[in-house]
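Chemist: 3D model of this:
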Amino acid sequence: MSFFKKFFTKKKEEDLSEGLQKTKEGIFGKISKAVAGKSTVDISFLDELEGILIQSDVGLDTTIKIIDRLEKKVAEDKYLNTNELNSILKKVITDLLSENNTENLQDFEFDTNNHPHVVLVVGVNGTGKTTTVGKLAYQFTQREHKVVLGAADTFRAAAVDQLKIWSERASCDFYDKGMNSDPAAVAYETTQHAINTDADLVLIDTAGRLHTKSYLMKELTKIKNSISKKLPGAPHEVMLVLDATTGQNAIEQAKQFTEATEVTCLALTKLDGSAKGGVVIGISDQFKIPIKYIGVGEGIDHLQVFNKEAFVESLFGNSKL
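Modeler: Here you go, the predicted model:
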């Protein structure tokens, strides 16, 4: 491995570790206190662990699954000391994440067989959706891909302006039709523009819609159909962006969006600002939708591809169980 590759790999690991610091302190600080002085995993510890995981927004169903599997592993491995709990819990959670359809991406990539590859980005207001689009564009232009950003959030002037600024930061193409134009028309024409300019990747930013507003959710179908009319088979991905700081509300959003449209992948933002990183585990377990990206900081390079092993290793790596 070259010096520069080692450097960037180490930096990515450090960014992930720092980004998950609040979750590590929230979960593992409490777990270490719960297990202190115990020589075995007993009922009182399991009850306390259940409460800790639920407070960390892992979710009730997933928490019960973790507790059940921990009990079985403890029985198999004849758990006797506190030092072993770290590795046992790590294996239980890693195995759980492995049941998802998530592939461990080593770097930012997309299916180059689709040309252009079209990604429709959805989510509610405030999740960091437009910022995620901008950071993705930057990551891919850094890899010498030709990227087009489509401003299909036509309800807020600030959204169009923000996306344009990101296109300039990422040095990529930008397409919009101005305020109050039909979002489906913007998506259609953005796709046409990408075809005409021989772009590799299209990222279409949609309006931040409340998952409780059915008419807004139905509009997603119209946008998808308009893209497909221009480019059969597209969009190739529908990415739902969720704010990890909202905990269980993120899970409810995922539920509503997956019922309204075919979500193919997830991006979880703001993990650095939350002690509720357990929501990643819960969402992965409940929806079985691949998690592709996680946000671990505000910097343009603080969006990372999601790697199950790296995520769990970072959660447990500096714990003091």
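
Chemist: Which strands and helices lie in contact with whichever helix or strand Val202 is part of?
Modeler: In the assignment (DSSP states H and E), Val202 maps to strand 201-206. Judged by 3 or more Cβ pairs under 8 Å, 6 or more residues apart in numbering; DSSP states H and E, strand 201-206 is in contact with strand 117-122, helix 129-142, strand 147-152, helix 183-196, helix 214-230. C-beta: built from backbone N, CA, C; applies to glycine.

Chemist: give me that answer again for 7 Å
Modeler: Here strand 201-206 touches strand 117-122, helix 129-142, strand 147-152, helix 183-196, going by 3 or more Cβ pairs under 7 Å, 6 or more residues apart in numbering; DSSP states H and E.

Chemist: next one: it to chain centre, how far?
Modeler: 16 Å (Cα atoms, centre = their mean, to the nearest Å).

Chemist: Okay, domains of the protein per the record?
Modeler: 3-98, 117-307 (automatic domain parsing).

Chemist: Pick out the shakiest of these, pLDDT-wise.
Modeler: Comparing mean pLDDT across the domains of the chain, the weakest is domain 3-98, with a mean of 76.

Chemist: Quick one: the helices in the stretch 201-321 of the chain, in order.
Modeler: 214-230, 248-260, 279-287, 308-317 (DSSP state H, counting those that start in this stretch).

Chemist: do you know which of the domains of the chain lies nearest Leu105?
Modeler: domain 117-307 (4.0 Å; Cβ to Cβ).

Chemist: about what we covered before: please identify the deepest-packed of the helices of the stretch 201-321 of the chain.
Modeler: helix 279-287 (a mean of 24; mean count of other Cβ atoms under 10 Å).

Chemist: Pull the distance from it to the chain's centre.
Modeler: 10 Å.

Chemist: Could I get the CA-only coordinates of it as CSV?
Modeler: This file holds the C-alpha atoms of helix 279-287, laid out as CSV (Å, rounded to 0.1, in the frame of the first residue of the first chain):
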residue,chain,number,x,y,z
VAL,A,279,-30.4,3.9,14.7
VAL,A,280,-28.0,2.7,11.9
ILE,A,281,-28.3,-0.8,13.4
GLY,A,282,-32.1,-0.6,13.8
ILE,A,283,-32.7,0.7,10.3
SER,A,284,-30.4,-1.9,8.7
ASP,A,285,-32.2,-4.7,10.5
GLN,A,286,-35.7,-3.5,10.0
PHE,A,287,-35.7,-2.5,6.4
